[in-house]
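*Asks:* attaching a predicted model along with its sequence, questions to come.
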Amino acid sequence: MKNKLLIVISCVLLFAFFTIPVRGLGENIPNSHIMENTFFEIISKGVNSNAIDLRVIINGNLIIMDAECRGRSGTTKIVGTLYLYEETASGTHLITSWISTSNVSSQYLVKQHLISGGRKYIVVYQAIVTVGGVVESISVSKTIRS
């Protein structure tokens, strides 16, 4: 079992190494020119959540949004919403959103959408986490140019 797990982890790491250029969280990532297979990761912490992550991958005209919330011990509910906005000269407009409810201590959402080149987009993940009757809203966002 342990050997199978090591093989699976090795395959995943090799796939990620050869397909997705990962940049450090503290690294300055210019938004003026996003190339294919660009990867961003934003991490935040809240009172009720151990971590809330947002990962965004641009592959040509496809944006892949991967959001995760891990609640603290005793989490009874997570309501997560993933938003995709387009920012234009006339303002910020919601393109689409997805919502998911989990009655466990973690939530994982993966969504994709076609986008147009040369435009500015905002991806937002908001999680409402309930622990012991205490409700907390936490969010992360990333602005990108395609």
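*Replies:* Received the coordinates, thanks.
*Asks:* show residues contacting stretch 122-133.
*Replies:* 46, 48-49, 52, 54, 56, 63, 65, 67, 69, 71-72, 74-87, 92, 107, 109, 135-144 (C-beta atoms under 8 Å, 6 or more residues apart in numbering). Every residue, glycine included, has its C-beta placed from N, CA and C.
*Asks:* what about stretch 95-110, start to end distance?
*Replies:* One end of stretch 95-110 to the other measures 16 Å (C-alpha to C-alpha, to the nearest Å).
*Asks:* now do stretch 57-75
*Replies:* 29 Å.
*Asks:* list the buried ones in it?
*Replies:* Of all the residues in stretch 57-75, those buried under the rule 16 or more other C-beta atoms under 10 Å are 57-58, 63, 65-72, 75.
*Asks:* next SSE downstream of the longest strand seen in the chain?
*Replies:* Using DSSP state E, we find that the single longest strand of the chain is strand 75-88. Downstream of strand 75-88, the next assigned helix or strand under DSSP states H and E is strand 91-102.
*Asks:* that next one packs against which elements?
*Replies:* Applying 3 or more C-beta pairs under 8 Å, 6 or more residues apart in numbering; DSSP states H and E, one finds that strand 91-102 contacts strand 75-88, strand 106-114.
*Asks:* pick the most buried one from these.
*Replies:* Greatest average neighbour count among these goes to strand 75-88 (a mean of 18), per mean count of other C-beta atoms under 10 Å.
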